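Enquirer: Whatever this is, show me its structure:
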Amino acid sequence: MIDLKGDDTGMNQETKKLLLEALQLPPEARAALAGQLIESLDAEVDEGVEAAWSLEIARRLAELETGKVKSVPWAEARRQIMRPAGEPSGS
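Expert: Residues are numbered from 1 along each chain as shown. Reported below is the predicted structural model:
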């Protein structure tokens, strides 16, 4: 859970209140809001990076469509990501 009691959050009271209100939104709305906030931090668009990401996305989609790779459900991916380092995967 998020701890907003300390002063080390870098947020003033108004911002903390806004965050608490945002946390009450449904997951889809929180995800959309988070995406918009992150996007707002990108003041300059690096066209080279954008082009590279477009190529990478196309490559990954092609791998999925041809069956070269298989998708992993989010719950499983999150479990793998959160697994402590060095712990066996069990698969």
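
Enquirer: leaving aside the residues next to it on the chain, what's closest to Met11?
Expert: Using C-beta to C-beta, 6 or more residues apart in numbering and skipping residues adjacent in sequence, the residue nearest Met11 is Leu19, 6.9 Å away. (C-beta placed from N, C-alpha, C; glycine too.)

Enquirer: Where does pLDDT dip in this structure?
Expert: 1-9, 90-91 (pLDDT under 70).

Enquirer: Pull the residues that contact the helix ranked longest in the chain.
Expert: If you go by DSSP state H, the chain has its longest helix at helix 47-66. Helix 47-66 is contacted from outside by Lys68, Val69, Lys70, Ser71, using C-beta atoms under 8 Å, 6 or more residues apart in numbering.

Enquirer: can you tell me which of these are in strands?
Expert: Taking DSSP state E, every one of the contacts of helix 47-66 sits outside strands.

Enquirer: so which of those residues would you say is closest to Ala29?
Expert: Of all these, Ala29 sits closest to Ser71, with 24.4 Å by C-beta to C-beta.

Enquirer: which phi and psi does the closest one have?
Expert: Ser71 adopts backbone torsions of phi -70, psi 160, taken as degrees, to the nearest 10.

Enquirer: number of nearby residues for the closest residue to it other than its chain neighbours?
Expert: Nearest non-adjacent residue to Ser71, counting by C-beta to C-beta, 6+ apart: Leu64, 6.4 Å away. Other residues near Leu64 number 12, with proximity taken as other C-beta atoms under 10 Å.

Enquirer: Check the spacing between Leu64 and Ala58 real quick.
Expert: Distance, Leu64 to Ala58, by C-beta to C-beta, to the nearest Å: 11 Å.

Enquirer: which one of the contacts of helix 47-66 has the most neighbours?
Expert: Neighbour max across the contacts of helix 47-66 (other C-beta under 10 Å) = Val69, 11 neighbours.

Enquirer: Thanks again, I'm all set now.
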